[in-house]
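**Q** Turn this into a model:
(one chain, ligands or ions: 1)
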Amino acid sequence: MKTPLRVAVTGAAGQIGYSLLFRIASGEMLGKDQPVILQMLELPMEKAQAALRGVMMELEDCAFPLLAGMVGTDDPMVAFKDADVALLVGAMPRGPGMERKDLLLKNAEIFTVQGKALNAVASRDVKVLVVGNPANTNAYIAMKSAPDLPKKNFTAMLRLDHNRALSQLAAKAGVAVADIEKLVVWGNHSPTMYPDYRFATAKGESLKAKIGDEAWNREVFIPTVGKRGAAIIEARGLSSAASAANAAIDHIRDWVLGTDGKWVTMGIPSDGSYGIPQDVMFGYPVICRDGEYEIVQGLEIDEFSRERINKTLAELEEERAGVAHLLG
Ligand code: NAX
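**A** All right, here's what the predicted structure looks like:
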């Protein structure tokens, strides 16, 4: 039996948490032979802690063979202690009348505290995925608040956007999702993201050539993927939860276990590739192997793509400027 890995999950009693924890405990994220210890963080309010206790009771009642232990807490120093993986899902939601700027600042406080706690107590190899919005900037803040951890350990979730794009593309081209390769979503997890299928293939055949409809790309595909989160809220009255949890599992599983040479999208701190300034938390095409990700290099960026990439970058730079004074 392998040594259990410690998986910290924040916002554990929320909607995404409820779809996520059971799948982690069943081995879908780290492998069917990998025991896990779940370290769950919730707000100190009694309502949140009671809900967390309820989730833990249900986890117990599943009698998962791979669940080697559980901790429920309101203290990030406890939740992140020796964590090998940290899924930062909990965040301050946008309330009525709240400006985007206020939302950014409220979340900056949360992710500064959590970044510092990770810095102090997590495994030096901890793999951090930020799901809570604004995910890219929250991940950037956590990274900047954890100077003793390698920057590459901090990532943001673009995988839901990637998966949404895969399904839209498969339906349009009449191919199986599983056959599609070389898709990427550049930039911010926000409606400015740029889903890009110029390089995508299915069984080796170019999807751009197969679809052959530039208007569909601009008028249907890009806006549909970009506004999918809003469409789900409109339909369900609640934001995406099961699909978001599924994407988080895909992201960590691929990072830990590898992608077998295939591309996936991860929000990662830029190393300057494709003209994105250093450290901006940006959606890139990556290939994962041996627990590390590597940016796919050498892709041609045409004029339309440069325009789209610049737009999403400008938004991220604006968010970064809005919190710069907090990061010293
Ligand atoms: P919920 O409101 O259902 O759950 C959030 C939970 O986090 C609550 O139980 C709350 O008590 C807890 N929480 C808040 N602040 C906390 C803190 N400082 N420490 C610990 N726990 C805290 O939201 P849910 O639907 O689960 O969504 C969670 C986050 O994911 C939101 O920020 C949401 O916007 C974001 N999303 C990100 C997506 C992505 O692709 N990156 C897609 C789905 C989702 O919209």
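**Q** What residue in this protein comes nearest to the ligand?
**A** residue 14 (1.9 Å; CB to the nearest ligand atom). C-betas here are computed from N, CA, C, even on glycine.
**Q** backbone phi and psi for residue 282, please?
**A** phi -130, psi 140 (degrees, to the nearest 10).
**Q** That one reaches residue 272, doesn't it?
**A** No: using CB atoms under 8 Å, residue 282 makes no contact with residue 272, being 10.7 Å away.
**Q** who has more neighbours, the two?
**A** More neighbours surround residue 282 than the other of residue 282 and residue 272, with 26 against 10 (other CB atoms under 10 Å).
**Q** what pairs with that one across the strands?
**A** residue 268 (DSSP bridges).
**Q** Now do the contacts for it.
**A** Residue 282 is in contact with 136, 186-188, 267-270, 276, 313, 316, counting by CB atoms under 8 Å, 6 or more residues apart in numbering.
**Q** again with residue 141
**A** With CB under 8 Å, 6+ apart, residue 141 has these contacts: 107-108, 111-112, 115, 323, 326-327.
**Q** what helix or strand does it sit in?
**A** Assigning secondary structure by DSSP states H and E places residue 141 in helix 135-144.
**Q** Just after that helix, pick out the following helix or strand.
**A** Next element after helix 135-144 (DSSP H and E): strand 154-156.
**Q** ok, for residue 161, nearest residue in space, not its chain neighbours?
**A** Of all residues not flanking residue 161 in the chain, residue 185 sits nearest, at 4.5 Å (CB to CB, 6 or more residues apart in numbering).
**Q** show me where pLDDT drops low in the stretch 51-200 of the chain?
**A** Along the stretch 51-200 of the chain, no part satisfies pLDDT under 70.
**Q** Over to the residue of the chain positioned farthest from its centre: give its phi and psi.
**A** Taking CA atoms, centre = their mean as the measure, the residue most remote from the mean C-alpha position of the chain is residue 212, 30.9 Å away. Backbone geometry at residue 212, expressed as degrees, to the nearest 10, gives phi 50, psi 30.
**Q** ok, now which ones touch residue 35?
**A** Taking CB under 8 Å, 6+ apart, one finds 1-5, 66-68 in contact with residue 35.
**Q** try 7 Å this time
**A** Counting by CB atoms under 7 Å, 6 or more residues apart in numbering, residue 35 touches 1-2, 4, 66, 68.
**Q** What of residue 210?
**A** Taking CB under 7 Å, 6+ apart as the test, what residue 210 contacts is residue 173.
**Q** The host helix or strand of it - what's its average pLDDT?
**A** Take DSSP H and E as the rule and residue 210 turns out to sit in helix 207-211. If you average the pLDDT over helix 207-211, you get 97.
**Q** Any buried residues in that helix, and which?
**A** 207-208, 210-211 (16 or more other CB atoms under 10 Å).
**Q** Turn those into a markdown table, including distance to residue 72.
**A** Below are the buried residues of helix 207-211 laid out as a markdown table (distance: CB to CB, whole Å):
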| residue | distance to residue 72 |
| --- | --- |
| 207 | 45 |
| 208 | 48 |
| 210 | 50 |
| 211 | 48 |
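**Q** All set, thanks.
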